[in-house]
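> below are the sequence and a predicted model; questions follow.
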Protein chains: 2
Amino acid sequence: MIYSDVPAKVAGLFTTNAVKAASVQLNLRRIKGGICQAVVVNSGNANACTGAQGLRDASRISSLVAKRMGLKEKLVFTASTGVIGVPLPMKKIEERVPELIEALSPEGWMNTVESIMTTDTFPKVEVATCRIKGKQVKLCGMVKGAGMIRPDLATMLSFLVTDANFGTPLLQRMLKKAVEESYNRITVDGENSTNDTVLLLANGKAGHCSLKIVDRDADIFQSMLSEVCQNLAKSVVKDGEGATKFFEVLIRGARNKEDAKQAAYTVAHSPLVKTAFFGEDANWGRILCALGHSGARINPNRIDVFFDHAPIVKNGVGVNPRSEEKAAKVIKKKSFKVIVDLNQGESQFSVLTTDLSLDYVKINASYRS
Amino acid sequence: MIYSDVPAKVAGLFTTNAVKAASVQLNLRRIKGGICQAVVVNSGNANACTGAQGLRDASRISSLVAKRMGLKEKLVFTASTGVIGVPLPMKKIEERVPELIEALSPEGWMNTVESIMTTDTFPKVEVATCRIKGKQVKLCGMVKGAGMIRPDLATMLSFLVTDANFGTPLLQRMLKKAVEESYNRITVDGENSTNDTVLLLANGKAGHCSLKIVDRDADIFQSMLSEVCQNLAKSVVKDGEGATKFFEVLIRGARNKEDAKQAAYTVAHSPLVKTAFFGEDANWGRILCALGHSGARINPNRIDVFFDHAPIVKNGVGVNPRSEEKAAKVIKKKSFKVIVDLNQGESQFSVLTTDLSLDYVKINASYRS
């Protein structure tokens, strides 16, 4: 559980999947009030595709916590991650509520992130500070997620808390911008989960006056928020299920942003590109093939491709063997950039992703059983 | 090489990938003439992303064969499959042209299909006969392909020959219909290659008059052609790289065909669904999750899912454990159906696909090196 000792302004973004978990449905209603004081999170069970029972269960958890802590129920949000389609073990959960509240502590951030990990192999947290209107302001973030990662809320669950003081509309706007530049730029397997949730709570305890419009101070906070989200997003990709390589696909020279985005995601999702990189094979033909069926407007004879700064394709044709050798060395690294210049225009888009390894298949073939 | 001793009417369908191999570019020009007498095919090298040199090489192969056999060059088509981005070994090819022609034989069908296999584990051929206007008519088909398989010419290369006699427009129309119902309904990994080619040659030697419009006889041939293509398409999926399971995703009750198609392909391409089936895990939540981000119009609370005839989801919620057990048994089979009823309308679409196995990754991580 995440708890603020005073009610906090809250901003949130949720999965765009048409199949939404009970907690997402509940939060979507409660966030309209703009205020949140506690978030109760469970791992191991998504409480998704559980029908009316699922909604009642999510609601029951929040009411139990609210009652025991003397909060208004609508200020308690919930979040779940895990297997889809299984009812929550409510008896077990109800019994542990007192213990959960007992364990609340200002030092509990790491315990909380560790307790919600599923296939994550390491906890992902970020902390940053800045000054707003002369006051020191803190921001703490956590994220949980390693598979089911894709655009439009790449991550399963991310919670951010700050003692800064913002009006809700500005808070929502800043969160949206930060997510656009972070979680919406990563992909592991092109899957968009039923439970994706990002919440940002701002309780104002830093003591500065409430900011309602974009000014120099809001810009400073925005930069900090975006950077924290970007770092968290990167750590999600680095923990991509079974990943052995971590690469950025940067498409530039596209006719427009939509083309650049489509091209970037098609390359980043291509199983043939991902397995080639797992095998450390500089098989650039698979990149061109993916670009060709991405739907982006391209001219195959004008495409240039680089691995980091080493050219591998010039005008749609492979470079000479000596240059190729240099580029081939790049993909032996754990982390690198694939830069594609379509030479069609001025737009660009980049996305972070991983290779497709034997372990991805092993992990996901045995996730539930 | 495939050769007809008289010029044949030809119909063809080619990849929709914007990056097209040299042979595809050449064939797209030559097919406008409507006549073909020979198809020269090479395996191991796609001759794609090879620029002007690639086009010259494809052209040179056809001119060498044409010259030696006394054919018009524009009647010689080419096709390639293999690694992208490497120039053809022209010296080697040129030297072997006489041998290639020498080896032509009416019994050569199996040798030809075997010689163009890449990661295929078995040759894929079909033969059928029917009667048209009182004459016995034969149809032989072959297909090559096991990866890079997706809608819009799922297969890499397929060649069909018949001694029936059709006008070119009707022949093209019939091929299009057959492909729509076969190669365009299968997917292994969502990749659309640079070289996909389907050619149908009809040389008229069966001796019946040329059919130019759809009549009862044309219908009979259409049925035969569609069935041959469907059987070949199935064998491609069965040979899907590393596949251990072979399943059909049938979406019914969709608002329109486009929705049904989008939903079917999103489920069929989902790495989480594919790995769950590899692990024989009846993890239906992943199917609902895929449906939710497919873009098709759905109501999560109205979705029913069946494995073969066993219900696993009713109104968006899992069935009771005893029924689930029954459905879970279905996916232990090598081949089964996933039926999704969206209960939104009358449209349906089905697609054949495979699981995602450890061997898929192994094969594709080491394809080139």
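Yes, it's here. Keep in mind the model is a prediction, meaning the values are calculated, not measured. Numbering: from 1, shown residues only, chains lettered A, B, ... in the order given.

> hmm, residue A:34 is touching residue A:12, no?
No - between residue A:34 and residue A:12 there is no contact under CB atoms under 8 Å: 10.0 Å. All C-beta atoms are positioned from the backbone trio N, CA, C, and that covers glycine.

> which one of those two has more residues nearby?
Neighbour count, other CB atoms under 10 Å in any protein chain shown: between residue A:34 and residue A:12, residue A:12 has more, with 21 against 16.

> helix or strand for the more buried one, which one?
Using DSSP states H and E, residue A:12 maps to strand A:2-14.

> what is the neighbour count of residue A:172?
19.

> actually, residue A:257.
Quick note: residue A:257 (other CB under 10 Å) scores 14 neighbours.

> nearest residue to the single nearest residue of the stretch 1-150 of chain A relative to chain B in space, please, no chain neighbours.
At 2.3 Å from chain B, residue A:84 is the closest residue in the stretch 1-150 of chain A, using CB to the nearest CB. What sits nearest to residue A:84 in space, not counting adjacent residues and going by CB to CB, 6 or more residues apart in numbering or on different chains, is residue B:285, at 2.3 Å.

> which helices and strands does the strand or helix carrying the one you found pack with?
Per DSSP H and E, residue B:285 falls inside helix B:284-292. Helices and strands touching helix B:284-292, by 3 or more CB pairs under 8 Å, 6 or more residues apart in numbering or on different chains; DSSP states H and E, are helix B:257-269, helix B:271-278, strand B:304-307, strand B:310-314, strand B:335-341.

> and the third one, average pLDDT?
Same thing as strand B:304-307. Taken as a whole, strand B:304-307 has a mean pLDDT of 97.

> for chain B, give me its nearest residue in the stretch 101-250 of chain A.
residue A:192 (4.0 Å).

> that residue belongs to a strand, doesn't it?
No - secondary structure of residue A:192 (DSSP: H, G, I helix; E, B strand; the rest coil): coil, not part of a strand.

> that one: neighbour count?
24.

> show me where the stretch 101-250 of chain A dips below the pLDDT cut-off.
A:146-155, A:188-191 (pLDDT under 70).

> what's the burial count for residue A:357?
Neighbours around residue A:357, by other CB under 10 Å: 23.

> how about the residue nearest to it when sequence neighbours are not counted, what does it touch?
Nearest residue to residue A:357, sequence neighbours excluded (CB to CB, 6+ apart): residue A:242, at 4.2 Å. Contacts for residue A:242 were tallied using CB atoms under 8 Å, 6 or more residues apart in numbering or on different chains; they are A:356-363.

> let me know the closest of these to residue B:91.
residue A:356 (37.0 Å; CB to CB).

> now that closest one: which helix or strand?
Applying DSSP H and E, one finds residue A:356 in no helix or strand.

> that one: what's it in contact with?
Here residue A:356 is in contact with A:189, A:242, A:271, A:274-275, A:278, B:271, B:361 (criterion: CB under 8 Å, 6+ apart).

> repeat that for residue A:133.
A:208-209, A:211, A:217.

> helices - which of the residues you listed land there?
Among these, the ones falling in helices (DSSP state H) are residue A:217.

> and the contacts of residue A:133, which are buried?
For the contacts of residue A:133, a neighbour count by 16 or more other CB atoms under 10 Å in any protein chain shown gives the buried set as A:208, A:211, A:217.

> was I right about the second one contacting residue A:219?
To tie it back to what came earlier, the one meant is residue A:211. No - Residue A:211 is not in contact with residue A:219 according to CB under 8 Å; the separation is 10.5 Å.

> if we can go back for a sec, quick check, the strand holding residue A:12 touching chain B?
No - counting by CB under 8 Å from any CB of the partner chain, chain B has no neighbours in strand A:2-14; the shortest distance is 12.5 Å.

> show the pLDDT at the residue in the stretch 251-369 of chain A positioned nearest to chain B.
Relative to chain B, the nearest point of the stretch 251-369 of chain A is residue A:285 (2.3 Å; CB to the nearest CB). Looking at residue A:285, its pLDDT reads 88.

> tell me the most buried of the helices and strands packed on helix B:284-292?
helix B:271-278 (a mean of 26; mean count of other CB atoms under 10 Å in any protein chain shown).

> now do it and helix B:284-292, the angle between them.
Helix B:271-278 and helix B:284-292 are oriented at 150 degrees to each other (axes from the mean of the first three to the mean of the last three CA atoms, to 10 degrees).

> okay, helix B:271-278 in CSV with CA atoms only?
The C-alpha trace of helix B:271-278 is given here as CSV (Å, rounded to 0.1, in the frame of the first residue of the first chain):
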residue,chain,number,x,y,z
PRO,B,271,3.6,-13.9,-28.5
LEU,B,272,1.9,-14.5,-25.1
VAL,B,273,-0.9,-16.6,-26.6
LYS,B,274,1.6,-18.5,-28.8
THR,B,275,4.0,-19.2,-25.9
ALA,B,276,1.1,-20.3,-23.6
PHE,B,277,0.0,-22.9,-26.2
PHE,B,278,3.6,-24.0,-26.5
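
> what about the nearest residue to residue A:170 once chain neighbours are set aside, distance to residue A:360?
In space, and not counting its chain neighbours, residue A:170 is closest to residue A:212: 5.7 Å by CB to CB, 6+ apart. Residue A:212 sits 45 Å away from residue A:360, going by CB to CB, to the nearest Å.

> which one of those two is surrounded by more residues?
When residue A:212 and residue A:360 are compared for neighbours, residue A:360 comes out ahead with 27 against 14, by other CB under 10 Å.

> name the SS class of that one, please.
Reduced to three states by three-state DSSP, residue A:360 is helix.

> test my guess that it contacts residue A:244.
No - using CB under 8 Å, residue A:360 is not in contact with residue A:244; the gap is 9.6 Å.

> now the strand holding residue A:12: buried residues?
If you call a residue buried by 16+ other CB under 10 Å, then strand A:2-14 has these buried ones: A:2-4, A:7-14.

> touching that strand from outside, list them.
A:20, A:24, A:27-28, A:31, A:34-39, A:41, A:69, A:75, A:77, A:104, A:112, A:153, A:159, A:161, A:165-168, A:171-172, A:174-176, A:179, A:196-205.

> who does it pair up with?
strand A:35-45 (antiparallel), strand A:197-202 (antiparallel) (DSSP bridges).

> identify the residue spatially nearest to residue A:218, adjacent ones excluded.
Nearest residue to residue A:218 in three dimensions, chain neighbours excluded: residue A:211, at 5.3 Å (CB to CB, 6+ apart).

> give me the three-state assignment for the nearest residue to residue A:266 once chain neighbours are set aside.
Closest residue to residue A:266 in three dimensions, ignoring its sequence neighbours and counting by CB to CB, 6+ apart: residue A:294, at 3.6 Å. Secondary structure for residue A:294, judged by three-state DSSP, is coil.

> mind checking which helix or strand residue A:52 is in?
Applying DSSP H and E as the criterion places residue A:52 in helix A:51-69.

> for the record, mean pLDDT for that helix?
96.

> check the offset of the following helix or strand past it from the chain's centre.
Using DSSP H and E, the helix or strand that follows helix A:51-69 in sequence is strand A:76-83. Its chain's C-alpha centre and that of strand A:76-83 lie 15 Å apart, by CA atoms, centre = their mean, to the nearest Å.

> with stretch A:58-71 instead?
Relative to its chain's centre, stretch A:58-71 lies at 28 Å (CA atoms, centre = their mean).
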